[in-house]
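**Student:** below: sequence and its predicted model.
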Amino acid sequence: MLYRVVFVSEMIGGANHTTQSLAEILGASERNNRRDEIGSAMLFHEGEAAQVIEGARADLDRLMSRLWKDPRHHNIRVLDDRPVMQRRMREPARLCALSTQQAADILRGRRLSDLSSAGLEKLLSCEHVRMAA
């Protein structure tokens, strides 16, 4: 059975500020998620990370266990964890590449952690990026 988990966390240190640290996170996510057949989409904004992950229950539990232990993440909040009928996240590690200004325009003063699970799923679908392009 397929499951979807939506969560947000605070990023500690410069983990979301440098291109190199972002590349390291994406590289590790790509490798691990491809191996475990997990689809994911993520967004980093103003010290927070939001992510949607999809896969088998055991694989998602293993990934969440790694994230709980990752010193770059603090205050992980799982907003939704449910079985789903089909995948929305087809790539192992997709970054929703909004500019700081695009994210600010969409969020209108809210933080990622202020959004509902449905709001984060919509944001992480990056549909607004395709429409704006």
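**Tutor:** The structure has been received and is ready for your questions.
**Student:** rest of the way, CA atoms for contacts and neighbours
**Tutor:** Will do.
**Student:** quick one: buried residues of stretch 89-100?
**Tutor:** Residues 89, 91-96, 98 are the ones in stretch 89-100 that count as buried (16 or more other Cα atoms under 10 Å).
**Student:** distance between the ends of it?
**Tutor:** From the first residue to the last, stretch 89-100 extends over 23 Å; the measure is Cα to Cα, to the nearest Å.
**Student:** low-confidence regions, the protein specifically.
**Tutor:** In the predicted model, the chain carries pLDDT under 70 at residues 13-18, 126-133.
**Student:** what do you get if the cut-off is 90, keeping everything else the same?
**Tutor:** 10-28, 43-49, 70-74, 94-109, 119, 122-133 (pLDDT under 90).
**Student:** tell me which residue is most central in it.
**Tutor:** The residue lying closest to the centre of the chain (Cα atoms, centre = their mean) is Gln51, at 1.6 Å.
**Student:** what's the burial count for the closest residue to that residue other than its chain neighbours?
**Tutor:** Nearest non-adjacent residue to Gln51, counting by Cα to Cα, 6 or more residues apart in numbering: Met42, 4.3 Å away. By other Cα atoms under 10 Å, the residues close to Met42 number 24.
**Student:** what's the spacing between the helix or strand containing Met42 and its chain's center?
**Tutor:** Met42 is part of strand 39-45 when elements are defined by DSSP states H and E. Its chain's C-alpha centre and that of strand 39-45 lie 3 Å apart, by Cα atoms, centre = their mean, to the nearest Å.
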